[in-house]
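Sequence first, predicted coordinates after that:
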Amino acid sequence: MIDAHEILVRCDALARESSDPNGIERVYLSPELAAVNRRAGEWMKEAGLTTWLDAAGNQRGRLEGREPGLPAVLLGSHLDTVPNAGRFDGILGVMLAIAVVERLRESAAELPFALEIAAFADEEGTRFGTALLGSRALAGTWDDAFWHLTDDSGTTLREAFVEFGLDPERIADASPKRGEIVAYLEAHIEQGPYLEEADLPLAVVSSIAGARRFALTLTGEAGHAGGVPFHRRHDALAGASEVVLAVEQLARSAGCVATVGRLQAFPGGVNVIPGRVEFSLDLRGETDAARDGVWLGIQAVASEVCDRRGLAFAVEETHSAPAVVADPSLQDSIRAGIRTATGEQDPMVLFSKAGHDAMAVAELAPWAMLFIRNGHGGISHHPNETVTEADVAVALDAFEAAVRGLAASQTA
Ligand code: GLV
Ligand code: MN
Ligand code: MN
């Protein structure tokens, strides 16, 4: 049986499949993703699942229940990463799902549903800027506009599909028919400090923040750093700096979170006034209304800065996902699972500011999530991401108990 120790060994093994020799980076439709899909597929087979790579590059598996062809409970998370990633964000959830199915294999003949696993291929959006591409394909919410997305080297998503061996015309095949998936359960590291602060290993997720991402450009005029006096300058970087500070201040005062994670000045000479700045914006709020209010405020500041400095502001929205609330009865299944595994009678409930595949799967099926404490204040999207073997062990027990409880409630 796969235990917590083996799960950590597997997370370590997958960490070695990276395009970054000094860290972990594994993006959508890359050779590294193909390699981890293969490994995860082998582990799924060993756990008793039949496996396939779906039309969007997600590694999938299925174990039949008490009769073939029953609607399925889907377990999953993602195998892609951000740049310079840790080894557990997404990966741990996939490894836990495989271990849970292995534990349930013996009793599969009594299960009132099939069990499926999805190891999603693009939760982060690192390569094409738009997140949740793998889970949106599964949820049946693929947008044909995605085909024109490009990566940093100019490769379109359509071209990348073909290079990976996928047929863009078959994308709809990734999505099960409505009713074929009756529930989606995801286990994931918390990526925040609250479990650690409360000295608890596990929590139930109540909802996931609505997120929007933008590619922003400010255009001014490049010129000689010595020759152009201040009153004649249109410095795009000085303007962008004002906008970046406003992003932080506006989000903070509205109880939202916002991040400019990437910023590049052009032409980028030490003695050249920046004529153009391209920067990203990631904006999240507990409600879509709060988040969208901050975006209106940011646009107002950008417009005032542009008028004053003689700059132009261009906006491209690269990602949008509404806030989603976990299904109350599935939250109860996770809560009961935590109770069984830890004895904690009133498990902690957390709202997730990080995005998850569950946001996309929410369009297809009711969902719930289990959060697992990660150390050092919950640091994530960072190589220092860490979990303890003891926490993984109780997470495995809780996830298994949640699925067994669901089966018992459907059989009763
Ligand atoms: C995914 O990790 C996200 O929340 O950006
Ligand atoms: Mn992440
Ligand atoms: Mn994740």
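Great, that's in hand. Please read these numbers as outputs of a predicted model, since none were measured by experiment. Ligands and ions are numbered 1, 2, ... in the order given.

separation between the residue lying farthest from the centre of the chain and ligand 3?
Distance from the C-alpha centroid of the chain peaks at G227, with 47.2 Å (Cα atoms, centre = their mean). Distance, G227 to ligand 3, by Cβ to the ion, to the nearest Å: 49 Å. In short, each C-beta sits where N, CA and C put it, glycine included.

ok but that residue is inside a helix, no?
No. Membership of G227 in a helix is not supported by DSSP: H, G, I helix; E, B strand; the rest coil, which gives coil.

tell me the phi and psi of it?
When quoted as degrees, to the nearest 10, the phi and psi of G227 stand at phi -80, psi -30.

Roughly how far does it sit from V162?
Remark: distance between G227 and V162 (Cβ to Cβ, to the nearest Å) = 49 Å.

cool, and L364?
Applying Cβ to Cβ to L364 and V162 gives a distance of 26 Å.

So between the two, which is more surrounded?
L364 (22 against 12; other Cβ atoms under 10 Å).

Three-state assignment for that one, please.
For L364, the assignment made with three-state DSSP gives coil.

Pull the contacting residues for the nearest residue to it once chain neighbours are set aside.
Leaving out its chain neighbours, the residue that sits closest to L364 by Cβ to Cβ, 6 or more residues apart in numbering is A139, at 4.3 Å. Listed by Cβ atoms under 8 Å, 6 or more residues apart in numbering, the contact set of A139 reads S175, A360, V361, A362, E363, L364.

go with 10 Å
Counting by Cβ atoms under 10 Å, 6 or more residues apart in numbering, A139 makes contact with 132, 174-176, 181, 184, 357, 359-365.

So which bits of the protein are right by ligand 3?
For the chain, the residues found near ligand 3 under the criterion Cβ under 5 Å from the ion are D89, G90.

From G165, how far off is the residue of the stretch 251-400 of the chain found nearest ligand 1?
Of the residues in the stretch 251-400 of the chain, the one nearest ligand 1 is G355, at a distance of 3.4 Å by Cβ to the nearest ligand atom. G355 sits 27 Å away from G165 when distances are taken as Cβ to Cβ.

Which of those two has more residues huddled nearby?
G355 (24 against 10).

Looks like that one contacts A211 (just checking).
Yes. With contact taken as Cβ atoms under 10 Å, G355 and A211 are classed as touching, separated by 5.2 Å.

Give me the common contacts of these two.
G125, A131, L132, D282, R284, H319, A321.

Can you tell me which of those residues has the most neighbours?
Neighbour counts for the shared contacts of G355 and A211 were taken using other Cβ under 10 Å; the highest belongs to A131, with 28 neighbours.

Where does that residue sit, in terms of helix or strand?
Applying DSSP states H and E as the criterion places A131 outside every helix and strand.

If you drop the residues flanking it in sequence, what lies closest to it?
For A131, the nearest residue in space outside its immediate sequence neighbours is G125; the separation is 3.2 Å by Cβ to Cβ, 6+ apart.

Any idea how far the one helix or strand A187 maps to is from the middle of the chain?
When elements are defined using DSSP H and E, A187 is found to belong to strand 181-189. On the basis of Cα atoms, centre = their mean, to the nearest Å, strand 181-189 is displaced by 13 Å from the centre of the chain it belongs to.

Now do the contacts for the nearest residue to H148 once chain neighbours are set aside.
In space, not counting the residues next to it along the chain, H148 is nearest to T156; the distance is 6.1 Å by Cβ to Cβ, 6+ apart. Residues in contact with T156 (Cβ under 10 Å, 6+ apart) are F128, F146, W147, H148, L149, T150, V162, P168.
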